[in-house]
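Novice: have a look; sequence and predicted model below, questions after that.
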Amino acid sequence: MALDVGSKRIGIAVSDPSATFALPVATIERTNRRDDLTQIKELADSYGIAELVVGDPLTLAGDRGIAAREMDAFVEKLREVFPGTIHRVDERLTTAQATKSLIAADVSRQKRRTIVDRMAAALILESFLARRRNEPSA
């Protein structure tokens, strides 16, 4: 399961059982950290998730800025409620890419707002799955 964590919403995507496809499934409207983590944990439990992939908001230059440091703190709290493995994946431009794809598909602005975060999470998960497929077997 992948998370695209923003200041207002958290996009959620999961993979199919064969870890081939990333499927956008939900958007959490953020309220407070405790409730956000509870909702993530409930979704992870409902899908039987053993691994989370969290978007890492690096700067365009690849540096760890304020947003990345805030994400570090979020992931530390996530580790307290999620017992599985948590991976971090560079998420630069995923929201922009998701928005561009939705515009090309002629999705209305209002509808885009409700699904762009889960689409970005799917892009993060696709990136992770592709990298994992290309790793040499141990």
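Specialist: Okay, I see it. Numbers count the residues shown, from 1 in each chain.
Novice: can you report how many residues neighbour Ala19?
Specialist: Applying other CB atoms under 10 Å, we find 13 residues neighbouring Ala19. C-betas here are computed from N, CA, C, even on glycine.
Novice: was I right about it contacting Arg131?
Specialist: No. Under the criterion of CB atoms under 8 Å, Ala19 is not in contact with Arg131, lying 11.6 Å apart.
Novice: next one: the nearest residue to Phe21 once chain neighbours are set aside from Asp72, what distance?
Specialist: Distances taken as CB to CB, 6 or more residues apart in numbering place Ser15 nearest to Phe21, at 6.3 Å, with adjacent residues excluded. Distance of Ser15 to Asp72, given as CB to CB, to the nearest Å: 25 Å.
Novice: which one of these two has more residues nearby?
Specialist: For the pair Ser15 and Asp72, the greater number of neighbours falls to Ser15 (21 against 12), based on other CB under 10 Å.
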